[in-house]
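**Q** For reference, the sequence and a predicted model appear below.
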Amino acid sequence: MNELTKAAWYSTFYRNIFTEVSYSNNNNNSKVTLSWNQAASESEFDDSLPHPRATTTQNEPFQPWVSDVWSEAEKEEAEALLQRNKSLCALAPEKAVFFEEAARKKWDLFYKLNGNRFFKDRNYLKKVFPELTQLLFERENEHCYTAAASRRQQDSSTVENTTNDSLTVAEVGCGVGNSILPIIEQVYRKNKETKHKRIFHFVATDFSPVALDILQQDRRYIKAPTYGVRVNSAVWDITLPQSIPTCVNGLADVTIVLFCLSAISPEKQRQAVGNIANTLRPGGTLIFRDYARYDAAQMKLGLSKQKQISPNFYLKHNGTRCYYFSIEELKELFVNAGLEQVELQYIQRKYMNRGELSVRRRVWVQARYRKP
Ligand SMILES: C[S@@+](CC[C@H](N)C(=O)[O-])C[C@H]1O[C@@H](n2cnc3c(N)ncnc32)[C@H](O)[C@@H]1O
């Protein structure tokens, strides 16, 4: 395949990964440049992309990602690299205080600038969290459904507007709704198809009022009530004690937390996780994904000047911050909040960039916890 065909092919097939594809030919010195799409490189990757075993038009096999396994030696090497650069990369303490106090403003600004264009819809959630599908779409599924219904029976004297056939899904730190809106749409389509009047209640919360304004203007949010799906949103800073909005206080069958806890400074994460746990009913499930230790983005921030606020916590170019978790830390946080572990694992992948002949090692953590 010549370089030009290659560039065009990459640009179509991998538009989700790369934003900029340029081609130059200087005296037979062909060069193809592929730049990472910020959304794909800073956010987590979309599992719904074409299957990695897809082939090029020339039938060349090409894998954009493969599963990855880190050896202990590699982890130690990454840690040593971060430690060696610690003093060079440290952010001045007064700046760290400034960005802590400006956290909400920085996220507001982020959403003012990016609207709903930055993160891709997370259409893969049903695949990676199968009980979401079971709870939302498989009404007859005894295992999940009976538990929700019996809880509802116990609670029905105290909880307004619920029936044995209702289900509440909350998202904390929902941003502009890239996770919850696709789920809402799937649910109301199903409701419409089956004319089944099961009551769904979705509650989306975030501490950025700008993000919630954008979410509320989305057609899926507006259309949902027409098809029997109740939607609410509430501004909520999950780092504040005793701040939980009543619409989500102990009511959620499922609470979704995606890439939100990492935006919070480590000193406030315990309070945040306690609040998140309080959104769940007894028997409810927490669904969690976030950035993890030695992810390529951490290694880049950890080797850049004046970016490290504290160990594993960094300032990004747009003024928001990001923490990179180990599963041990998360386990401690969730168990301390009284939750029971169902799943806790690293998702590790290598993404190949053939143009630059480089490899990025991405690491996320995925978890499910139950409230007893
Ligand atoms: C990386 S975005 C993820 C958004 C969304 N969950 C998604 O997956 O697309 C992090 C979100 O966490 C929110 N956030 C940060 N700190 C928060 C806090 N203290 N309380 C509530 N939300 C917070 C931000 O406003 C932002 O929308």
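**A** Nice, I can see it.

**Q** switch to C-alpha atoms for all contacts and neighbour counts from now on
**A** Noted.

**Q** Could you measure from the residue nearest to Ile238 when sequence neighbours are not counted over to Pro372?
**A** Closest residue in space to Ile238, ignoring its immediate chain neighbours: Ala272 at 4.9 Å, by C-alpha to C-alpha, 6 or more residues apart in numbering. Distance from Ala272 to Pro372, counting by C-alpha to C-alpha, to the nearest Å: 19 Å.

**Q** ok, now which ones touch the residue nearest to Ile238?
**A** Going by C-alpha atoms under 8 Å, 6 or more residues apart in numbering, Ala272 touches 238-240, 261.

**Q** Looking at those residues, which one is closest to Arg84?
**A** Of all those, Arg84 sits closest to Leu261, with 26.8 Å by C-alpha to C-alpha.

**Q** Go ahead and produce CSV holding the CA coordinates of stretch 261-273.
**A** Provided in CSV are the C-alpha atoms of stretch 261-273 (Å, rounded to 0.1, in the frame of the first residue of the first chain):
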residue,chain,number,x,y,z
LEU,A,261,-13.4,10.2,40.9
SER,A,262,-10.0,10.8,39.2
ALA,A,263,-10.9,14.5,38.8
ILE,A,264,-11.1,14.9,42.6
SER,A,265,-8.1,15.5,44.8
PRO,A,266,-7.0,12.4,46.8
GLU,A,267,-7.8,14.1,50.1
LYS,A,268,-11.4,14.4,49.1
GLN,A,269,-11.9,11.0,47.5
ARG,A,270,-13.0,9.3,50.7
GLN,A,271,-15.9,11.8,51.3
ALA,A,272,-16.8,11.5,47.6
VAL,A,273,-16.9,7.7,47.7
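
**Q** Tell me how far it lies from the chain's centre.
**A** Stretch 261-273 sits 15 Å away from the centroid of its parent chain (C-alpha atoms, centre = their mean, to the nearest Å).

**Q** Same question for stretch 280-297.
**A** The chain centroid and the centroid of stretch 280-297 are separated by 8 Å under C-alpha atoms, centre = their mean.

**Q** Give me the mean pLDDT for it.
**A** For stretch 280-297, mean pLDDT rounds to 96.

**Q** does the ligand sit close to it?
**A** No: judged by C-alpha under 6 Å from any ligand atom, stretch 280-297 and the ligand are separated, with a smallest distance of 8.6 Å.

**Q** Let's verify Ala224: helix, strand, or coil?
**A** helix (DSSP: H, G, I helix; E, B strand; the rest coil).

**Q** Quick check: chain neighbours aside, which residue is closest to it?
**A** Using C-alpha to C-alpha, 6+ apart and skipping the chain neighbours, the partner closest in space to Ala224 is Tyr188 (6.2 Å).

**Q** The one you found against Arg230, yeah?
**A** No: Tyr188 sits out of contact with Arg230 when judged by C-alpha atoms under 8 Å, with a separation of 9.9 Å.
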